[in-house]
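Chemist: need coordinates for the following:
(2 chains)
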Amino acid sequence: MKNTGLIRVSLLTVGFLAALIMWQGCSEGEKDLPTGPITLEWWHFWTDPDIRPTIEQMVADYETANPNVKIKLTDLTWANGHEKIVVAFSSGAAPDIVELGSDWIPEFSFNNQLAPITAAVLADTGAYYGWNPTIHKNDIYAHPWIMGTRVLFINRGLLKRTALDTNFIPLNWPDLKKLCYAVDSLGEDIYGFGSNAAEKHRLYKKFLPFFWSMDGAIFGYTDRFAGFAGDQAYKAIKFYKELHDSCSLVDSQRGLEDAFLEGKVGVIISGDWLLKRIKKENRNIEIITTLFPGPKYPGKSFLGGEYLAVSAQSPHKDEAAKFIRFITAPERQLQFCRANFSANPSSKTAAADSFS
Amino acid sequence: MSDRNLQTFVKQINLSQMPPADPQWVNIEDLIEKTLEKILFEKAPMAETLYETNKKIQEYMDKNK
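Modeler: From the prediction side, this is the model:
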């Protein structure tokens, strides 16, 4: 009797477990394919009236194609966006999708605050720039969206007034110094170089290209030894300081760009937003843009970018990853770059397109 | 991309570098900015200031070793 009872209990247990597994299987399936409408909250930084309508249009297009999904947009500002994201993650109130600057991704991925999206984006890896900051422990935690680099802007009107060739391009640091000194000597109120004042998140981006052009490394990835006190850092800061002390206007980035556009500065380091400004303000200025020079040609510039990531707290991770792939698709990047006059889409297909 | 200036940016992206992908980067960035401010605006000695910064960067590195 005891054995029969035991068998009966075992059969009941097996039956219960089978039912549980089937129920769990259904639950997993339902998670992947939501039956009712869901809302994905997206925190982003594109509040500029030039680009915001394009963001809204892309969201509307996604909602039309996916009637079960609504996207709730929340605007962030660069002044306090990072702090808001940190607080949201630590208080359990993170959005489903968040735009992150390239510098911030490891801060969140290393702390398990982002969801891995490797399976959803693996097919994209060869077709986009900028995956390095997204990888942690063999998983991908964000998708590159819009990249941003800096180049040299030369006021050609000022260059033409110097004794240098009217097409002079600085190919190395001695050339850059020669150009800046030549422009600086044009008059008391004309400066050769635009040197950044102490502005958070800006000054270091102007110096690091000089350091990297010397093949400097802030630290080694494998040995994790800091390398900021070596010959490369010393020579880079010495050259930068020489320009700063001898022929520079020192101002905020906006102030330098104003002075450059007014013909008061010969050379500044800036991004594609300055091209947009020149076009938008219909500025009558002749400029040359050129690659960043190093001690020898070519140098290296600073690269950053905007990325989209899924929060580990999101109950709709698959849908969020699907939305990210939609927004970062080449056709949407072209739409974005045309509206924003952005020069560096992360999509290689979009970058190869003649969108301007 | 037909605009000559936009083309400069497309070429530059292949000759550009990102800061190290590290959770301590936000702190290291702050250290580097303060170092530049000291050297450029407060005339702090270059070699000594870089050396002090490097020590502090190493402290951050050691936290994640």
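
Chemist: need the phi and psi values for residue A:194.
Modeler: Backbone geometry at residue A:194, expressed as degrees, to the nearest 10, gives phi -100, psi 110.

Chemist: could you measure residue A:195 against residue A:259, distance?
Modeler: Computed as CB to CB, to the nearest Å, the residue A:195 to residue A:259 distance reads 11 Å. C-beta: built from backbone N, CA, C; applies to glycine.

Chemist: count of neighbours near residue A:217?
Modeler: A count of nearby residues for residue A:217, using other CB atoms under 10 Å in any protein chain shown, gives 18.

Chemist: got a list of what it touches?
Modeler: residue A:227 (CB atoms under 8 Å, 6 or more residues apart in numbering or on different chains).

Chemist: surely it is in a strand?
Modeler: No: using DSSP: H, G, I helix; E, B strand; the rest coil, the assignment for residue A:217 is coil, not a strand.

Chemist: give me the contact list for the helix or strand of chain B with the lowest mean pLDDT.
Modeler: Across the helices and strands of chain B, mean confidence by mean pLDDT, DSSP states H and E is lowest for helix B:4-13: a mean of 91. With contacts defined as CB under 8 Å, 6+ apart, helix B:4-13 is touched by A:129, A:147, A:149-151, A:272, A:275, A:287, A:289-292, A:301, A:303, A:343-344, A:351, A:356, B:1.

Chemist: repeat that for 6 Å
Modeler: A:149, A:151, A:272, A:275, A:289, A:291, A:301, A:343-344, A:351, A:356, B:1 (CB atoms under 6 Å, 6 or more residues apart in numbering or on different chains).

Chemist: show the subsequent helix or strand relative to the strand of greatest length in chain A.
Modeler: Longest strand in chain A by number of residues (criterion: DSSP state E): strand A:301-310. Downstream of strand A:301-310, the next assigned helix or strand under DSSP states H and E is helix A:317-328.

Chemist: CA atoms of that following helix as PDB?
Modeler: Written as PDB, here are the backbone C-alpha positions of helix A:317-328 (Å, rounded to 0.1, in the frame of the first residue of the first chain):
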ATOM      1  CA  LYS A 317      13.200  44.400 -23.000                       C
ATOM      2  CA  ASP A 318      12.500  42.700 -26.400                       C
ATOM      3  CA  GLU A 319      10.200  45.400 -27.600                       C
ATOM      4  CA  ALA A 320      12.700  48.100 -26.400                       C
ATOM      5  CA  ALA A 321      15.500  46.500 -28.300                       C
ATOM      6  CA  LYS A 322      13.300  46.200 -31.400                       C
ATOM      7  CA  PHE A 323      12.500  50.000 -31.100                       C
ATOM      8  CA  ILE A 324      16.300  50.800 -30.800                       C
ATOM      9  CA  ARG A 325      17.000  48.900 -34.000                       C
ATOM     10  CA  PHE A 326      14.200  50.800 -35.700                       C
ATOM     11  CA  ILE A 327      15.600  54.200 -34.700                       C
ATOM     12  CA  THR A 328      19.200  53.300 -35.500                       C
END
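
Chemist: immediately after that helix, which helix or strand?
Modeler: helix A:330-340.

Chemist: kindly report the residues of chain B close to chain A.
Modeler: Taking CB under 6 Å from any CB of the partner chain as the contact definition, chain B meets chain A at B:1-3, B:5-6, B:8-10, B:12-13, B:15-23, B:25-26, B:29, B:32-33, B:36-37, B:39-40, B:46, B:50-51, B:53-54, B:57-58, B:61, B:65.

Chemist: among the residues you listed, which lie within strands?
Modeler: Filtering these for strands - DSSP E - leaves B:16-17.

Chemist: what's the ChimeraX syntax to select whichever of the residues of chain B next to chain A are buried?
Modeler: Here is the ChimeraX command that selects the buried residues among the residues of chain B next to chain A (16 or more other CB atoms under 10 Å in any protein chain shown):
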select /B:1,3,5,6,8,9,10,12,13,15,16,17,18,19,20,21,22,23,25,26,29,32,33,36,37,39,40,46,50,53,54,57,58,61
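
Chemist: hang on, the earlier thing: and residue A:195 and residue A:259? which has more neighbours close in?
Modeler: Neighbours per residue (other CB under 10 Å) separate residue A:195 from residue A:259, with residue A:195 holding more: 24 against 19.

Chemist: who does the more buried one bridge with?
Modeler: On the basis of DSSP bridges, residue A:195 is bridged to residue A:250.

Chemist: give the contact list for it.
Modeler: So, once contact is read as CB under 6 Å, 6+ apart, residue A:195 ends up touching A:244, A:248, A:250.

Chemist: CSV please, covering the residues you listed and showing distance to residue A:88 and neighbour count.
Modeler: Output for the contacts of residue A:195, formatted as CSV (distance: CB to CB, whole Å; neighbours: other CB atoms under 10 Å in any protein chain shown):
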residue, distance to residue A:88, neighbour count
A:244, 39, 19
A:248, 40, 24
A:250, 37, 17
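
Chemist: now those residues in TSV, with pLDDT?
Modeler: Shown next, in TSV, are the contacts of residue A:195 (pLDDT from 0 to 100):
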residue	pLDDT
A:244	98
A:248	98
A:250	98
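
Chemist: chain B: which of those is nearest?
Modeler: For those, the residue nearest chain B by CB to the nearest CB is residue A:244; the value is 5.4 Å.

Chemist: separation between the closest one and residue A:197?
Modeler: To residue A:197, residue A:244 is 10 Å away according to CB to CB.

Chemist: who touches both of these two?
Modeler: Joint contacts of residue A:244 and residue A:197 (CB under 6 Å, 6+ apart) do not exist.

Chemist: verify the stated contact: residue A:120 with residue A:321.
Modeler: Yes: if you go by CB atoms under 6 Å, residue A:120 and residue A:321 touch, sitting 3.8 Å apart.

Chemist: pLDDT averaged over stretch B:42-62 - what is it?
Modeler: If you average the pLDDT over stretch B:42-62, you get 95.

Chemist: and for stretch A:114-125?
Modeler: Taken as a whole, stretch A:114-125 has a mean pLDDT of 96.

Chemist: I'd like the distance from that stretch to the chain centre, please.
Modeler: Averaging C-alpha positions (CA atoms, centre = their mean, to the nearest Å) puts stretch A:114-125 17 Å from its chain's average.
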